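K.L.:
Provided below are the primary sequence and the corresponding predicted coordinates.
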Amino acid sequence: QKGFLLAPPATTSTRHAYQEHHCRTNHNYIETLIDAKGPETVLQMPSALTRLSVKAGTSGRGRYGIVRGVVGISICALICTLLCNSRSRSELRGVTRAWDAARTRGFARYVRKDWGGNVCGTRIKSAPFSAAAQKSGRRTEGLQGGSSMATVVEVQTRPFEGQQPGTSGLRKKASVFEQPNYLENFVQSIFDTNPELRGGTLVLGGDGRYLNKRASMIILRMAAANGVKRLVTMPHFLASTPAISHLVRDTDAKGAIILTASHNPGGPTEDFGIKFNTENGGPAPNSVTDTIYQRTQKITRYLISEEEPSKESIEKPGTFKLGPMEVKVVDVVDSYSKLMQTIFDFDKIRQLMKRKDFSMIFDAMHGVAGPFAKRIFVDDLGAASDSLLNANPLPDFGKGHPDPNLKYARKLVERLQLDPEVTYDPSEEIPDFGAAADGDADRNMVAGARFFVTPSDSLAVIAANAQDAIPYFTKNGLSGVARSMPTSGAVDAVAEKKNLTLYEVPTGWKFFGNLMDASKISICGEESFGTGSDHIREKDGIWAVLAWLSILAHKNPIEGKKLVGVKDILMEHWNTYGRSYYSRYDYEGVDSDKADAMMDHLRSNLGKFKREVAGLKVADDFSYKDPVDGSEATGQGIRLVFDDNSRLIFRLSGTGSEGATIRMYIEAVCPAEEVGAGKPVAEALKPLIDTGLKLSKLEEFTGRTEPTVIT
């Protein structure tokens, strides 16, 4: 296949390419082929062989002095090209063993096809990295074993287009990452642009989606080749993004490589992702990701260790060596549970769990949250074992979409009877509290019986009750709060009443990191189901659920009194701080050119809107200047703000893997004195929705008459 790196001797990615063709090793095949047909016949086999200059290897033995146990370097390259241009699976099986044999002699030559399909050979220098050479960046020649040496292979490569990280890392279809060198190029660019990783500690893990293990093994070997002193990971490389952020901070690591596409689907035909977190445990800022991207456009080689750890070594906690690099496998679930116990009052939550009139349910959506939920909610807090749904992590998330919202968390929606268009059995018992987390457990959805809590309201309720209900904030107080620009102003009202500083930042958790590091904020959140605090530098789904359980426990100190439920808490909150009726319309998979044209239309008409639309006080393209380091982010979304602080927001999402997702955010503000019993959200927002669709000409530009998802 054009563009496939056919046989680099030491790269796992090549083996994966062969595995896609069902290749298996067969040591005797090359011998049999040459013995049966003779080298002259082999040389006449089809496809480009006559264009190669071939020299018989002198290290072989056997009838023709070519292959018997060890393959000569030039003939190995020759036969590899021959077989990879043929269509015989059995021939391909022989190639992998031939190259395994070549590797045992330290031979370093591979043959690949360039993008035009031409055969070309590239020599790779194979040499061990001594401890001294790691510090200086020099390579020493020769091959040596032992724990202090590693055989490093320098593989020639070329740039790929489009390796620009989005809102939170590089996300593409899994098949894109399966292209030889695609993953390696991006990872090497991380090492090249972050020299502090050499001689330091790196954390590695992912959400368990398809490719997680294979990609992790490649990155582990690349880390050893690039001089990482210690790599911290976990059994099967499986960990939530929040837990990895904690590990970075707990182990004084210089950063983390996290394999996740977050709430996007997983599987061979779905999404994969990779992102780099810096030493504070948070997503790399734009300045870092831009530098990584620039490096991907110039990269010519990557480094990888020939040594590969056994599968058994990463299946349970322990320590082993990969060359000079120490690999520490830790119990990340235990580590994270202990962190949560320093923040929340587990004894108080246990008392809530024991109430006969209280029950909960948690949907892990077959993501990585499952093991954490079992340990914390069931083992530590005493929830019933059947309170967990979809708690076993699966590479394809059970063929579901691990996005915790009303459309995709269907089992949770059904159990809590949240769909107003469905007639439920009135005799069916409904849990009092429910929650869900996404694929990597950084997002959360919270609800009560027949009552959905918007992420914006969830953030506001947590901020309003944190100091009373959560020991961590009772002790440390709240330094400030922050929200992403599209998130509703519900938390703004809390900040104003409690005299807290409020920060409005662009979408992307990385924008909260500087504020937390500077102790300017304690709690923050996004409308996209992300909530967290300064205990780590990522949003944290399990933390948000524990925050709600803590608030429920605080509101229900005495068993025997009527349970104060989720709806009761929200009604009390709205009557104190006012209510923001809020919704988000997602139009997924829109043609990128059409989406860009719609956004350009909005930008070019901002002045006209402000002049002609009644009650419109702000019409701009949101920009942000970081109060800590002065960095700026522009073009972060179109804002239309009215005199009563109601808002329309338009932006393109940066978390998809293909096409564009247009998001329209609608917020209507209702003062506390006018909340009363409330009204249906759709009814309250209809005038604004109609205005937004008219001003944006969304249907005209995209052809879409209905959103893909309404939150």
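P.N.:
That came through fine. Numbers count the residues shown, from 1 in each chain.
K.L.:
okay, now residue 682: neighbour count?
P.N.:
12 (other C-beta atoms under 10 Å). C-beta: built from backbone N, CA, C; applies to glycine.
K.L.:
show me where the stretch 401-550 of the chain has strands.
P.N.:
Chain-ordered strands for the stretch 401-550 of the chain, with DSSP state E, counting those that start in this stretch as the definition, fall at 433-437, 444-448, 451-453, 481-484, 502-505, 523-526, 530-533.
K.L.:
May I see those organised as TSV, with mean neighbour count and mean pLDDT added?
P.N.:
Converted to TSV, these look like this (neighbours: other C-beta atoms under 10 Å; pLDDT from 0 to 100):
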stretch	mean neighbour count	mean pLDDT
strand 433-437	29	98
strand 444-448	27	98
strand 451-453	20	96
strand 481-484	26	97
strand 502-505	19	97
strand 523-526	27	97
strand 530-533	27	97
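K.L.:
and stretch 384-391, how far apart are its ends?
P.N.:
13 Å (C-alpha to C-alpha, to the nearest Å).
K.L.:
same check, this time on stretch 358-365
P.N.:
23 Å.
K.L.:
Which positions within the helix or strand where residue 600 lies qualify as buried?
P.N.:
Using DSSP states H and E, residue 600 sits in helix 592-604. Judged by neighbour count using 16 or more other C-beta atoms under 10 Å, the buried positions of helix 592-604 are 594, 595, 598, 599, 601, 602.
K.L.:
Would you tell me what the next helix or strand after that helix is?
P.N.:
helix 606-612.
K.L.:
Now the spatially most central residue of the chain: phi and psi?
P.N.:
By C-alpha atoms, centre = their mean, the chain has its centre lying nearest to residue 260, at 2.8 Å. Backbone geometry at residue 260, expressed as degrees, to the nearest 10, gives phi -160, psi 150.
K.L.:
Skipping adjacent residues, who's closest to residue 223 in space?
P.N.:
residue 231 (5.2 Å; C-beta to C-beta, 6 or more residues apart in numbering).
K.L.:
do residue 567 as well
P.N.:
Counting by C-beta to C-beta, 6+ apart, the nearest residue to residue 567 once its immediate chain neighbours are dropped is residue 451, at 4.3 Å.
K.L.:
can you pull the contacts of that neighbour?
P.N.:
Residues in contact with residue 451 (C-beta atoms under 8 Å, 6 or more residues apart in numbering) are 416, 418, 565, 566, 567, 570.
K.L.:
Bridge partners for the spatially closest residue to the first one that is not a sequence neighbour, pull those for me.
P.N.:
With C-beta to C-beta, 6+ apart as the measure, residue 434 is the residue that lies nearest to residue 416, at 4.7 Å, once sequence neighbours are left out. According to DSSP bridges, the partner residues bridging residue 434 are residue 361, residue 447.
K.L.:
how close does residue 434 get to residue 446?
P.N.:
Using C-beta to C-beta, to the nearest Å, we find residue 434 at a distance of 8 Å from residue 446.
K.L.:
ditto for residue 607
P.N.:
For residue 607 relative to residue 446 (C-beta to C-beta), the value is 40 Å.
K.L.:
residue boundaries of the helices in the stretch 451-600 of the chain?
P.N.:
For the stretch 451-600 of the chain, the helices defined by DSSP state H, counting those that start in this stretch occupy 455-469, 471-476, 490-497, 510-517, 541-555, 566-577, 592-604.
K.L.:
Just tell me which of those ends up closest to residue 369.
P.N.:
helix 541-555 (6.2 Å; C-beta to C-beta).
K.L.:
quick one: the closest one to chain centroid distance?
P.N.:
25 Å (C-alpha atoms, centre = their mean, to the nearest Å).
K.L.:
Over to stretch 260-277?
P.N.:
6 Å.
K.L.:
what does stretch 631-638 give?
P.N.:
Offset of stretch 631-638 from its chain centre (C-alpha atoms, centre = their mean): 23 Å.
K.L.:
hey, C-alpha coordinates of that stretch in CSV?
P.N.:
What follows is stretch 631-638, C-alpha atoms only, in CSV (Å, rounded to 0.1, in the frame of the first residue of the first chain):
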residue,chain,number,x,y,z
SER,A,631,-0.7,35.5,26.7
GLU,A,632,-3.6,36.3,24.3
ALA,A,633,-6.2,34.1,22.6
THR,A,634,-8.3,35.6,19.9
GLY,A,635,-11.2,34.4,17.7
GLN,A,636,-12.7,32.4,20.5
GLY,A,637,-16.4,32.6,19.6
ILE,A,638,-19.1,35.1,18.6
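K.L.:
Tell me, please, where in the stretch 601-711 of the chain the pLDDT is lower than the cut-off.
P.N.:
For the stretch 601-711 of the chain, the stretches flagged by pLDDT under 70 are 654-658.
K.L.:
mind listing the helices for it?
P.N.:
606-612, 681-696, 698-702.
K.L.:
For the second one, buried residues please.
P.N.:
Put plainly, it is helix 681-696. 681, 684, 685, 688, 689, 691, 692, 693, 695, 696.
K.L.:
which secondary structure elements does it contact?
P.N.:
strand 579-590, helix 592-604, strand 647-652, strand 660-670 (3 or more C-beta pairs under 8 Å, 6 or more residues apart in numbering; DSSP states H and E).
K.L.:
switch the cut-off to 10 Å
P.N.:
For helix 681-696, the contact count by 3 or more C-beta pairs under 10 Å, 6 or more residues apart in numbering; DSSP states H and E identifies strand 579-590, helix 592-604, helix 606-612, strand 616-621, strand 638-642, strand 647-652, strand 660-670, helix 698-702 as packing neighbours.
K.L.:
Dump these to JSON lines, plus distance to residue 402.
P.N.:
Shown next, in JSON lines, are the helices and strands packed on helix 681-696 (distance: least, C-beta to C-beta, whole Å):
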{"stretch": "strand 579-590", "distance to residue 402": "15"}
{"stretch": "helix 592-604", "distance to residue 402": "24"}
{"stretch": "helix 606-612", "distance to residue 402": "37"}
{"stretch": "strand 616-621", "distance to residue 402": "32"}
{"stretch": "strand 638-642", "distance to residue 402": "29"}
{"stretch": "strand 647-652", "distance to residue 402": "22"}
{"stretch": "strand 660-670", "distance to residue 402": "16"}
{"stretch": "helix 698-702", "distance to residue 402": "26"}
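K.L.:
For residue 344, which of those is the nearest?
P.N.:
strand 579-590 (27.0 Å).
K.L.:
Check which helix or strand the residue lying closest to residue 165 once chain neighbours are set aside maps to.
P.N.:
Nearest residue to residue 165, sequence neighbours excluded (C-beta to C-beta, 6+ apart): residue 289, at 4.3 Å. Using DSSP H and E, residue 289 sits within helix 286-296.
K.L.:
Which residues belonging to that helix are considered buried?
P.N.:
286, 288, 289, 292, 293, 295, 296.
K.L.:
Same question for stretch 313-329.
P.N.:
314, 321, 322, 323, 324, 325, 326, 327, 328, 329.
K.L.:
how long is that stretch end to end?
P.N.:
One end of stretch 313-329 sits 8 Å from the other (C-alpha to C-alpha).
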